[in-house]
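Undergrad: Have a look at this prediction, sequence included:
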Amino acid sequence: MFSRVIVGLFLLIFLSLESRCQEREVDLNSIISDNIVDEEDTDEDLTERIEQLEALRRRRLDLNKADRADLDQLYFLSSFQIEQFLYHREKVGAFTSVYELQGISGFDLGTIQAVLPFVKVTEALTPEFAMMVKEGTGYVMGSYFRQLEEKRGFKIEEPSRSRYLGTADKFRLRLRQEYRKRYYLTFNAAKDAGEPFFKLAQRYGFDYNSGSLLIRDNGIFKRIIVGDYHIQFGQGLAIWTGGQFGRGNPVLQVANIGAGIRQHSGMRESGFLRGMAFTAEKGRFKFTPYVAFNELTGTLRFKGDTLVVSSINGSGLHRTPSEQRNRKTVKQWLYGLNSEYEMKSLRLGLNYLSTHFKDYFSPAERDYNAYRFRGTQLQQTGAYAHFTWRNVFTFGESAHSFNSGWAHAYGAIASLSPKLSTSIAYRNYQRDYHQFYAQGYGRLSSLGNEEGIYLGLLYRPSRNWEWATSFDVHRFP
């Protein structure tokens, strides 16, 4: 943990060298730390979030052009605040100054101060000559870690015992390239402490290699991604990859609005899709078909005469002989389609997802696995909606795994006054609801076997004081 803190501080110092010359100094560490719910769940994502905010600070979002996917990059904005922003822009018209954010319901002083370094308003009659001259930007960044205290796994020499097969060195390599704000190339490579380097399963070098190309605004195609990507729709009950950062606000954290498809640019070695996806837009309709082929780390064993998958490991660590054997042994492919209809403050969406395994998926016979999915194919479908009326934002989604259970999540967020806001949400995830890439709001790490009601309240009597409380009554049937 200490080494992670040191590296994080080093990275922040490195990224802040250029920002010191700017008119406004941005505290990226403060922004991210205020919005993390569980530090253990976001360890590998911390660097990714910092670099994404730093890249966003450099180019800044135009308030008159930014869409939901753009605004979702600002992790400190809630789904409710994004909807209020879009509703305000549609109702009032184009922004003439960034300080007009003060007139949007749900944007308090702290939120506005956090947003300002990342946004701008471009005058319609002023061409951006700088963009025309400077069409391409990018960088390469590498990092090295090594824990001074040697772990026990490095001291074992007997071949019959579980031991680390590589050195204690830890490497990270990142490459980013942007061209005309339409083409984005990312590449990541990593070696964890204990993993081999240029030998065994890593004979080509790094244990983890990831990359993708994003093309934006090409005719009817709003986004095209080839390589590694994330996909987020609805409340996350059917499919949501890429993790979820807490909004730092007990009223707003229960609602999500999916950003669609985006590049996987972090160092987390699992939980993303590898393949191709695109979003096409025609009028009020959007269509997002996607396909992926994933090679996962998992345990294969014989159940009678049949080879089955008994577990999947998402840690990304391949240090010991058993971890080396399990590397990329689970072959999984999936395809799906999302369609959305949007009109003013209303959005309706449908999801379909089919996940396939080469080998039969059969988790160990344990009580906690009694209702888990078993088979080679899982099909899911679902519908979601959200609607904004004045200062009230309502949301909901229902999802179904074929031949098994259902998952439901519904709620509302209301800004009762400039000082008082509240939220209520109900969730019911049946114990036999099956999923592999869902991330809805709940107390369990895996979505299923949970029912609960959430109430949140936030009161700000002044700019310097706030009182927040929440109640979550839940059970695990």
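TA: Arrived safely, thanks for sending.

Undergrad: Mind telling me what element the nearest residue to residue 334 once chain neighbours are set aside is part of?
TA: Nearest non-adjacent residue to residue 334, counting by C-beta to C-beta, 6 or more residues apart in numbering: residue 355, 4.4 Å away. Where you see a C-beta, it was placed from the backbone N, CA and C, and this is true even at glycine. Under the criterion of DSSP states H and E, residue 355 resides in strand 346-361.

Undergrad: Tell me the buried residues in that strand?
TA: 347, 349, 350, 351, 352, 353, 355, 356, 357, 359, 361 (16 or more other C-beta atoms under 10 Å).

Undergrad: Contact partners for the third one?
TA: With contact taken as C-beta atoms under 8 Å, 6 or more residues apart in numbering, residue 350 is in contact with 338, 339, 340, 381, 382, 383.

Undergrad: Now tabulate those residues in JSON lines and tack on neighbour count and pLDDT.
TA: Shown next, in JSON lines, are the contacts of residue 350 (neighbours: other C-beta atoms under 10 Å; pLDDT from 0 to 100):
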{"residue": "338", "neighbour count": "27", "pLDDT": "98"}
{"residue": "339", "neighbour count": "15", "pLDDT": "97"}
{"residue": "340", "neighbour count": "22", "pLDDT": "96"}
{"residue": "381", "neighbour count": "16", "pLDDT": "97"}
{"residue": "382", "neighbour count": "25", "pLDDT": "96"}
{"residue": "383", "neighbour count": "15", "pLDDT": "97"}
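
Undergrad: Which two of these have the greatest separation?
TA: The largest separation in these, counting by C-beta to C-beta, is between 340 and 381 at 14.8 Å.

Undergrad: quick revisit: partner strands of the strand holding residue 355, with direction?
TA: Strand 346-361 sits in its sheet next to strand 306-313 (parallel), strand 330-343 (antiparallel), strand 375-389 (antiparallel), going by DSSP bridges.

Undergrad: can you map out the helices along the stretch 101-250 of the chain?
TA: 109-115, 129-133, 152-155 (DSSP state H, counting those that start in this stretch).

Undergrad: Around the nearest residue to residue 204 once chain neighbours are set aside, count how many other residues there are.
TA: The shortest distance from residue 204 to any non-neighbouring residue, by C-beta to C-beta, 6+ apart, is to residue 198 (7.4 Å). By other C-beta atoms under 10 Å, 11 other residues sit near residue 198.

Undergrad: Now the phi/psi pair for residue 198, please.
TA: When read as degrees, to the nearest 10, the backbone of residue 198 gives phi 60, psi 40.

Undergrad: how near is it to residue 283?
TA: Computed with C-beta to C-beta, to the nearest Å, the distance linking residue 198 and residue 283 is 53 Å.

Undergrad: again, but for residue 233
TA: 19 Å.

Undergrad: if you count what's nearby, which of these two comes out ahead?
TA: A count of neighbours by other C-beta under 10 Å puts residue 233 above the other of residue 233 and residue 283, at 27 against 7.

Undergrad: Under the pLDDT cut-off, which ranges of the stretch 151-300 of the chain? List them.
TA: Within the stretch 151-300 of the chain, the segments meeting pLDDT under 70 span 244-248.

Undergrad: Now with 50, please.
TA: The model of the stretch 151-300 of the chain has no residue with pLDDT under 50.

Undergrad: where exactly do the strands run in it?
TA: For the stretch 151-300 of the chain, applying DSSP state E, counting those that start in this stretch gives strands covering 170-179, 183-191, 208-218, 221-232, 260-263, 273-282, 285-303.

Undergrad: of the strands paired with strand 346-361, which approaches residue 157 most closely?
TA: Of all the strands paired with strand 346-361, strand 306-313 comes closest under C-beta to C-beta, at 25.2 Å.

Undergrad: Can you tell me what sits against the closest one?
TA: 296-302, 323, 326, 330, 357, 359-364.

Undergrad: now swap in stretch 207-220 and tell me
TA: 181-192, 195-196, 201, 221-229, 262-265, 267, 269, 272, 280-282, 316, 318.

Undergrad: Show me which positions of that stretch end up buried.
TA: 207, 208, 210, 211, 212, 214, 216.

Undergrad: residues near residue 279, how many?
TA: Residues lying near residue 279 (other C-beta under 10 Å) number 21.

Undergrad: Which residues are in contact with it?
TA: Contacts of residue 279 (C-beta under 8 Å, 6+ apart): 221, 222, 223, 260, 261, 286, 287, 288.

Undergrad: Show me what it bridges to in the sheet.
TA: residue 223.

Undergrad: for the stretch 351-477 of the chain, what spans make up the strands?
TA: 375-389, 392-401, 406-415, 420-429, 450-462, 465-475.

Undergrad: Okay, the nearest residue to residue 206 once chain neighbours are set aside and residue 175: tell me how far apart.
TA: The spatially closest residue to residue 206, leaving aside those adjacent along the chain, is residue 189, at 4.1 Å (C-beta to C-beta, 6+ apart). According to C-beta to C-beta, residue 189 stands 9 Å off from residue 175.

Undergrad: same check, this time on residue 416
TA: Relative to residue 175, and taking C-beta to C-beta, residue 416 is found at 48 Å.
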